[in-house]
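Participant: Make a model of this:
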Amino acid sequence: MAQQHLDPTDPRSRHAGPAPTGDALAGYLRAQATEFLRALRLHRKTGSGPNGSEGSAEAARALRRSARRISASLHTFQPLLDSDWCEAMRPELAWVSGTLAMEHAYTARLERLLAALHRLSGSAAFPAQASARAAAAPPAKAGAPAQERGNLTVGAAKAGALLDRQLTLARTRAHSTALQALGSSRFHAVADKVAVLASEVPLAKTAGTTDLRPLSTAAQDRLADAVTALPLVVAGHPYNAAALVHGLSPDTVPHPQDAPWHQVRLLLRLHRYAREALSGPQGNAVVDLRLLAAGQALNRHRDASEASASAAQAARTPRIAPATAYALGVLHADQRHEVEAARFAFQQAWQKETVGAS
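Facilitator: Predicted coordinates for the structure are as follows:
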């Protein structure tokens, strides 16, 4: 006999007891505000050198995590909070999270692109590591695969050096921008408001008796509607020539295909954080493997999309050698294939059945 399992994305499947109200939301916001302040103290304690220490980098990630969760909760549950306060806080928290994310994003993008160049060409992705890798690698065998990679290998080293220069410069600028932001009066004002939030949540008068689940369900419905609008049929195909052609054109505007997927990623994050808020300050929300796999696929999609854009931008550098431009074009195509693979992975994760048989 078939047994129907409750959808783990449905908030009603996790609360057999009293309905979560504004008190649960207040506890969640206080916990996230406390995490924000703890991460801020850790960041100030660890300090930050020219490239930032590991401790300060971890503190910055913790700051981003708590800022995202507070901002998402203010967005989803705004009817239960002071509206003016929410409208003033959300852009500031988004500014904090976005500013702190850029340095890590450039670092990860450079590592991704150089690793892809190494994989595609068989050459050393990092010029500084070329001699070490050559000494450790076994003797190369002559043959057709090596000949086929010959043209790509010629330009891969220069392409890697060009990407290294461009993205390292961007990362350094992002690091300086983050340091300036953390020392600015604007950030101190945000920190002061978060400190107040850690002890006093500006709930609306009716929040104490209002069920959180309808608002959480509304966030889930917005996500479902956005996923429904995605071209999941196209995502089932391994090749998307339209995205490749657009990426190599002189137009530097991001491909319109990517925007709806990025929006779904943001809506999925809002839905996930709403589920956390329903569990209260203890954060004992049930882990939904379906949502986890879908979120990971969308993160890979964003990373590959941004990496392909960086490769295309580097290929537009004036007066670069044809071999370098060729290597960057192959790299761009590889990352667009990664975009398609991530879309397919999301499709597979999202369309998994939630009803099983026993």
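
Participant: For residue 198, grab phi and psi.
Facilitator: Backbone torsions of residue 198, given as degrees, to the nearest 10, read phi -60, psi -20.

Participant: What about it, how many residues nearby?
Facilitator: Other residues within reach of residue 198, judged by other C-beta atoms under 10 Å, total 18. Placement of C-beta: from N, CA and C, glycine included.

Participant: Just want to check the distance between it and residue 303.
Facilitator: 33 Å (C-beta to C-beta, to the nearest Å).

Participant: And for residue 219?
Facilitator: In terms of C-beta to C-beta, residue 219 sits 24 Å off from residue 303.

Participant: who has more neighbours, these two?
Facilitator: residue 219 (23 against 18).

Participant: so residue 186 touches residue 92, yeah?
Facilitator: Yes. Between residue 186 and residue 92 there is a contact at 7.4 Å, judged by C-beta atoms under 8 Å.

Participant: Mind checking which of the two has more residues around it?
Facilitator: Using other C-beta under 10 Å, the more surrounded residue of residue 186 and residue 92 is residue 92, with 17 against 12.

Participant: What helix or strand is that one located in?
Facilitator: helix 83-121 (DSSP states H and E).

Participant: So which elements touch that helix?
Facilitator: For helix 83-121, the elements it packs on are helix 54-76, helix 150-182, helix 185-197, helix 289-315, helix 322-350, judged by 3 or more C-beta pairs under 8 Å, 6 or more residues apart in numbering; DSSP states H and E.

Participant: how does it look with 10 Å?
Facilitator: If you count contacts as 3 or more C-beta pairs under 10 Å, 6 or more residues apart in numbering; DSSP states H and E, helix 83-121 packs onto helix 22-46, helix 54-76, helix 150-182, helix 185-197, helix 289-315, helix 322-350.

Participant: What mean pLDDT does that helix get?
Facilitator: Regarding helix 83-121, the rounded mean pLDDT is 95.

Participant: do stretch 207-226 as well
Facilitator: Stretch 207-226 comes out at a mean pLDDT of 95.

Participant: Return the set of buried residues in it.
Facilitator: Within stretch 207-226, the residues scored as buried using 16 or more other C-beta atoms under 10 Å are 207, 210-213, 215-217, 219-220, 222-223, 226.

Participant: This completes my enquiry, with thanks.
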